[in-house]
Every structure is written in C-alpha cells, then in structure tokens.
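Colleague: Structure for the following, please:
(chains A and B)
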Amino acid sequence: AQTVTQSQPEMSVQEAETVTLSCTYDTSESDYYLFWYKQPPSRQMILVIRQEAYKQQNATENRFSVNFQKAAKSFSLKISDSQLGDAAMYFCAYRIVYYGGSQGNLIFGKGTKLSVKP
Amino acid sequence: SAVISQKPSRDICQRGTSLTIQCQVDSQVTMMFWYRQQPGQSLTLIATANQGSEATYESGFVIDKFPISRPNLTFSTLTVSNMSPEDSSIYLCSVVGPAGEYQETQYFGPGTRLLVL
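Modeller: Okay, the predicted model is just below:
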C-alpha cells in the first residue's frame, strides 16, 4: 500500500529557532517525486519544496530544506530561522512516476500542525 | 506555476440542496483534480476532471453525488448533490503544471468551505 506517515501531529518552535518535521513513506517504486505543502489558517495549500527521487542532493528553498534518505524512505523538512508566518499545517506527499511517464495520484500524509512562539 | 481561483469561497447550504463550485485557471492545464478536506483531516481525492470526457472517480465517490464538468483546459465545476451535513468540508481544485512546464507538481486553489445544515 502507498502510504505517507507523519508521526508528529503537532510541533512547536520558538521564533528564530530551527525545527524539523518528519515524514516517512512506503512505496516499492523507484521513481517518484516528494513534496512538502503548507496550509496556513487561510486554508490555501502552498507548495514549500519539491524533491526528485533520482536526485541525491537535498532540495533547498531559502529557509526550507529537506533531508532525503531514499533507502530509509524518509523525507524530513527543516525550517531554519522560524518566523511567525511559518505557523501552519504541513503536509508531506509523494507521486509515483511509472515507466512510460504516466504518474500516480498525489498521496498525502495526515499533516503536522506547527506552532511558532514569539 | 498556475493561478487558480474558486467560486464561491464559502457557502452555507440546506440539506437536500446542491451546490456547484467553479474552478478557473489562468493558463491551459492538462490535469485538474477535485479534493475534499474534512475538518482536521488530510486531503482526499474525489476525482480527476478530464477535458472532453467523463471524470475519473476514486473509490467511495460517485458521479451522481459529485458530477464534474470540464468544458475546456482552463475551467471545471464540481457539484455536490443532495447535500447532507456529512458533506461539510473544504473542497479544493488542483491542477498539474501548465502545458510545457513541470507535470509532476500540483498547485491548489484557495478552496471552497461548505457548511451543510
């Protein structure tokens, strides 16, 4: 079964500190994409960062970076210098790419609610 | 990335009625999706809206309850029919990157918050 597990339902971080959100996934496929989405109270789903499974180098977007461990099927998100605006639900997700280029559906985890303390 | 708008942004409806949600994208996209997000939950895919053909529904969702239209590459509608309080959710439209751009990344509309009384 294709699943995404986010083991931390809630996390809290002090402003300007660093926090890591964990994500593990289960698939037997070798080619896929991984994503972190952010959903603030406005409910808009915003793409935070994207990682191609065939790339060994971890993706980075400004204060956001990932630790991608393909063998362990782990895809954690690190937020550096946390800001009040980072408070949101964070969803980990992946999509399989099949031979021939067709893609599977986006599979979501249950989310981690991040609070940022001033 | 694509800019997606949804109408209405929220609505309160009586049970037994139907509501049609519109999704408009600022560029032509190949794949459009409709998701449901129940309170405090993750996203559940309802269906993939196919241009020029019937939508493809996920297990647990049927066309009679959630009819979908996709008349062109920039627009789709989702109707929630014969509503009950269990249909109270946020409904999100989502698209894969515009033609010619990355096709693996999905972008989401702002959502329609539905409350059924």
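
Colleague: Going by C-alpha atoms from here, please, whenever you check contacts or count neighbours.
Modeller: Fine.

Colleague: bridging residues for the residue nearest the centre of chain A?
Modeller: The central residue of chain A, meaning the one whose C-alpha is nearest the mean C-alpha position (Cα atoms, centre = their mean), is A:Trp36 at 3.1 Å. According to DSSP bridges, the residues that bridge with A:Trp36 are A:Ile49, A:Cys92.

Colleague: B:Tyr107 too?
Modeller: When assigned by DSSP bridges, B:Tyr107 has beta-bridge partners B:Val95.

Colleague: Check the gap between the residue nearest the centre of chain B and B:Pro71 for me.
Modeller: Computing the C-alpha centroid of chain B and ranking residues by Cα atoms, centre = their mean puts B:Trp34 first, at 3.1 Å. The spacing between B:Trp34 and B:Pro71, counted by Cα to Cα, to the nearest Å, is 15 Å.

Colleague: again with A:Ser102
Modeller: As defined by Cα to Cα, A:Ser102 lies at a distance of 23 Å from B:Pro71.

Colleague: which of these two has more neighbours?
Modeller: A side-by-side neighbour count of A:Ser102 and B:Pro71, using other Cα atoms under 10 Å in any protein chain shown, places B:Pro71 first with 14 against 10.

Colleague: Name the SS class of the residue of chain A most remote from its centre, please.
Modeller: Relative to the centre of chain A, the most outlying C-alpha is that of A:Gly100, 26.1 Å out, by Cα atoms, centre = their mean. Following DSSP: H, G, I helix; E, B strand; the rest coil, we place A:Gly100 in the coil state.

Colleague: Now for it: which residues touch it?
Modeller: With contacts defined as Cα atoms under 8 Å, 6 or more residues apart in numbering or on different chains, A:Gly100 has no neighbours.

Colleague: got a pLDDT number for it?
Modeller: At A:Gly100, the predicted lDDT confidence score is 71.

Colleague: Quick check: residues of chain B near chain A?
Modeller: Residues of chain B found near chain A, taking Cα under 8 Å from any Cα of the partner chain as the criterion, are B:Gln41, B:Ser42, B:Leu43, B:Glu104, B:Tyr107, B:Phe108, B:Gly109, B:Pro110, B:Gly111.

Colleague: excluding its backbone neighbours, what's nearest the fourth one?
Modeller: It refers to B:Glu104. Taking Cα to Cα, 6 or more residues apart in numbering or on different chains as the measure, B:Glu104 lies nearest to B:Val96, with 6.6 Å between them; neighbours along the chain are not counted.

Colleague: Pretty sure that neighbour sits against B:Thr105.
Modeller: Yes: using Cα atoms under 8 Å, B:Val96 makes contact with B:Thr105 at a distance of 5.7 Å.

Colleague: picking that back up, tell me how many other residues crowd the residue nearest to B:Glu104.
Modeller: Residues within reach of B:Val96, counting by other Cα under 10 Å, total 20.

Colleague: cool, and A:Gln56?
Modeller: 12.

Colleague: helix/strand/coil for it?
Modeller: Classification of A:Gln56 using three-state DSSP returns coil.
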